[in-house]
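Asker: Provide a 3D model corresponding to the input given below.
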Amino acid sequence: MKKSFLIASLFLISTLILSIPEDLHSQSRVNIIQADRAVGGIIDGQNVRKILGNVILQTDKMLMETDSVYQFVDRNLLMSFNNQIETENEMIWADTLLHNTRTDFSRLRGRVIIQSEQNIVFSDSIDVDQQLDLAIFNVPVRFEDERGTLIAESGLYYQAVDSAVFRGNVQLADSTQYLEADSLFMNRSADLYELFGRVYADDFEDNVRFAGDYLYADSLGYRLLTGDAWLMEVNEAETDTTHLFAEIIELLETDTTSYMDAFENVRIWSPKFAAVADTANYRDDLDQFILRSNPVLWQKKMQLTGPYIEAQLENDEIKFLRSFTQPIVVMEDSTTGRLHQMTGDTLHAYFDDGNIERIRVFDNNESIFHNKDENDEPDGLIEMISAGSLIMYFTDGDIDSLVAKRNIDGSFLPEEPRNIERRLDNFQWSPELKPEKPELRTPRLPAIPEDRPFEMPPRYLRYLQSIIVEGN
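Answerer: Numbers count the residues shown, from 1 in each chain. Model prediction:
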């Protein structure tokens, strides 16, 4: 299990969100710096004042270059074409700008580009409602910054509360991660994020992938993944893969450690072991996970069943197991296929490099140990009970010997058909429940295109060229 489970991509989102150009349509006095001519006229029966040809307008907060500006006198409407607008914080380009001077509602249409120090935005349609401090993306939108790219089919940004909603195939990618979902809600100032519907993410740096129906993340390091939640981790050597499935996966990260909890239909699979439970808890500083409520753990030919199972890991292998109360461990003999069984009040199991070394059962223990003859053929069994501890030693994964020290009562049963299937009272053997190696989940959406969504407007290209010239 990983030391941390950071969804760093969410921090990238916060740097990609548009700042509404609040100075774009200031009510300040407008100065006509340049124009070829100004005329009046009638369009569709409406009085129109036209400022035409290489128009430059200026207020105390913005400079606008455009081919022409139409003022519809009776409609409180301004329309301009082939626009470049410079404010204190942004550069804005659009084929068409429509602005209602009474409601302060603006419509940017056709090859809209908004560039700030933090990011650049591309869309064919952006509406800005200054009274509501709202930016509306009715069509696909693309955000870029120096780290990565976010795209979505539509969205809203509320400047007053610093919150945004994006809908429809939301995708985010940079060199370290990829994330997708049906929709995204975020509040940047609170550092709170929610992703809804078909969530998928791939953290390339930490080798973690996850998926679910819903993801919540906040500034306190808390993460919640729900709805057929899945998490996959590849170890540092990239030799082992661990999968965790549950209805709910929670993560809390602190400065020193991280805690991961999984609930409802929990399933764990790795090449080294597998487990099921209703609840699983993991903490990375101890490299320990705990299974509760009907847990079962499988390791090679061993199955451990008990109300509580605690596992210590080392190099992705199980190092130590502890279980109580009245757990039972069942092991399949590698040559005979017979099932050895041990139960008691508490069980400890010790491993070396993934190989079982010994199992110790404390108090009120019972066991069934199947014998083999010199030809490794079945040769009866030993039933044993004792009040103290019972230790089962192993060599190469098979039982080597049993040691019991107090109040021992045992018997040998010969090799007879009626003895072969003898079981302890709490016998559990259910290999059919063991999770199988799952298929990898992959993104459902194609990769984010490298190309911008439209051909760049001439004014924007001239602006880029001017920057290059100034830089030289």
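
Asker: The helix or strand containing Ser183: partners in the sheet, and parallel or antiparallel?
Answerer: In this assignment (DSSP states H and E), Ser183 forms part of strand 177-187. Take DSSP bridges as the rule and strand 177-187 pairs in its sheet with strand 163-174 (antiparallel), strand 192-203 (antiparallel).

Asker: Of all those, which one comes closest to Thr256?
Answerer: strand 192-203 (20.8 Å; C-beta to C-beta). No exception for glycine: its C-beta is placed from N, CA and C like everyone else's.

Asker: Does the next helix or strand along the chain from that closest one pack against any helices or strands, and if so which?
Answerer: Moving toward the C-terminus from strand 192-203, the next helix or strand (DSSP H and E) is strand 208-217. Applying 3 or more C-beta pairs under 8 Å, 6 or more residues apart in numbering; DSSP states H and E, one finds that strand 208-217 makes contact with strand 192-203, strand 222-234.

Asker: What are the contacting residues of strand 208-217?
Answerer: When contacts are defined by C-beta atoms under 8 Å, 6 or more residues apart in numbering, strand 208-217 is touched by residues 2, 5, 7, 10, 181, 192-203, 222-234, 249, 440-441.

Asker: Now the buried members of those.
Answerer: When the contacts of strand 208-217 are checked for burial by 16 or more other C-beta atoms under 10 Å, the buried set is 2, 5, 7, 10, 181, 192-203, 223-227, 229-233, 249.

Asker: about what we covered before: as TSV, the helices and strands packed on strand 208-217 with mean pLDDT and distance to Val296 would be great.
Answerer: Formatted as TSV, the helices and strands packed on strand 208-217 follow (pLDDT from 0 to 100; distance: least, C-beta to C-beta, whole Å):
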stretch	mean pLDDT	distance to Val296
strand 192-203	93	29
strand 222-234	94	20
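
Asker: Distance to Pro307 added to these, as JSON lines?
Answerer: JSON lines is the format used below for those (distance: least, C-beta to C-beta, whole Å):
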{"stretch": "strand 192-203", "distance to Pro307": "33"}
{"stretch": "strand 222-234", "distance to Pro307": "24"}
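
Asker: what's the neighbour count on Pro458?
Answerer: For Pro458, the count of nearby residues is 11 (other C-beta atoms under 10 Å).

Asker: for this structure, what spans make up the helices?
Answerer: If you assign secondary structure with DSSP state H, the helices in the chain sit at 9-14, 417-420, 458-471.

Asker: Val234 touches Asp240, doesn't it?
Answerer: Yes - in this structure Val234 lies within contact range of Asp240 using C-beta atoms under 8 Å: 7.3 Å.

Asker: quick one: contacts for Gln341?
Answerer: With contact set as C-beta under 8 Å, 6+ apart, Gln341 has these partners: 328-331, 366-368, 423-424, 427.

Asker: Low-confidence bits of the stretch 351-472 of the chain, can you list those?
Answerer: Residue ranges of the stretch 351-472 of the chain with pLDDT under 70: 472.

Asker: change it to 80
Answerer: Scanning the stretch 351-472 of the chain for pLDDT under 80 picks out the ranges 405-408, 469-472.

Asker: Show me where it has its strands.
Answerer: Counting by DSSP state E, counting those that start in this stretch, the stretch 351-472 of the chain has strands at residues 355-362, 365-372, 378-386, 390-395, 398-404, 409-413.

Asker: Please name whichever of these is nearest to Glu455.
Answerer: Closest approach to Glu455 among those is made by strand 355-362 (64.2 Å; C-beta to C-beta).

Asker: Provide the contact partners of the closest one at residue level.
Answerer: Contacts with strand 355-362, where a contact means C-beta under 8 Å, 6+ apart, come from 299-300, 302, 329, 342-351, 367, 388-394, 396-397.

Asker: mind listing what's buried in stretch 208-227?
Answerer: 208-217, 221, 223-227.

Asker: With stretch 316-326 instead?
Answerer: Neighbour-count burial for stretch 316-326, with 16+ other C-beta under 10 Å as criterion, is recorded at 316-319, 321-324, 326.

Asker: Nearest to Lys434 among the contacts of Gln341?
Answerer: The shortest approach to Lys434 among these belongs to Val330, at 12.4 Å (C-beta to C-beta).

Asker: List the contacts of the strand holding Ser183.
Answerer: For strand 177-187, contacts defined as C-beta under 8 Å, 6+ apart pick out 7-10, 12-14, 17, 152, 161-173, 192-205, 215, 443-445.

Asker: Relative to Ala211, how far out is Arg267?
Answerer: 14 Å (C-beta to C-beta, to the nearest Å).

Asker: one step back: how about the strands of the stretch 351-472 of the chain in a markdown table, adding distance to Thr87 and mean neighbour count?
Answerer: Output for those, formatted as a markdown table (distance: least, C-beta to C-beta, whole Å; neighbours: other C-beta atoms under 10 Å):
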| stretch | distance to Thr87 | mean neighbour count |
| --- | --- | --- |
| strand 355-362 | 69 | 19 |
| strand 365-372 | 79 | 21 |
| strand 378-386 | 84 | 18 |
| strand 390-395 | 75 | 18 |
| strand 398-404 | 78 | 16 |
| strand 409-413 | 89 | 12 |
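
Asker: just so I know, which of these lies nearest Pro449?
Answerer: Pro449 lies closest to strand 355-362 among the strands of the stretch 351-472 of the chain, at 50.7 Å (C-beta to C-beta).

Asker: Restricting the selection to alpha carbons, write that closest one to CSV.
Answerer: In CSV, the C-alpha atoms belonging to strand 355-362 read as follows (Å, rounded to 0.1, in the frame of the first residue of the first chain):
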residue,chain,number,x,y,z
ASN,A,355,6.6,-18.1,3.1
ILE,A,356,4.7,-19.3,6.2
GLU,A,357,7.1,-20.3,9.0
ARG,A,358,4.8,-21.1,11.9
ILE,A,359,1.3,-20.6,13.2
ARG,A,360,0.6,-20.3,16.9
VAL,A,361,-2.9,-20.6,18.4
PHE,A,362,-3.5,-19.5,22.0
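
Asker: What is the burial count for Asn235?
Answerer: Look at Asn235: counted by other C-beta under 10 Å, it has 15 neighbours.

Asker: Check the gap between it and Ala229 for me.
Answerer: 21 Å.

Asker: what's the answer for Leu347, then?
Answerer: For Leu347, the distance to Ala229 - C-beta to C-beta - is 30 Å.

Asker: For the closest residue in space to Ile42 that isn't next to it in sequence, which residues are in contact?
Answerer: What sits nearest to Ile42 in space, not counting adjacent residues and going by C-beta to C-beta, 6 or more residues apart in numbering, is Val48, at 6.7 Å. Applying C-beta under 8 Å, 6+ apart to Val48 gives the contacts 40-42, 70-73.

Asker: Kindly recompute the last result at 7 Å.
Answerer: By C-beta atoms under 7 Å, 6 or more residues apart in numbering, the contact set of Val48 is 41-42, 70-72.

Asker: Thanks a lot, catch you later.
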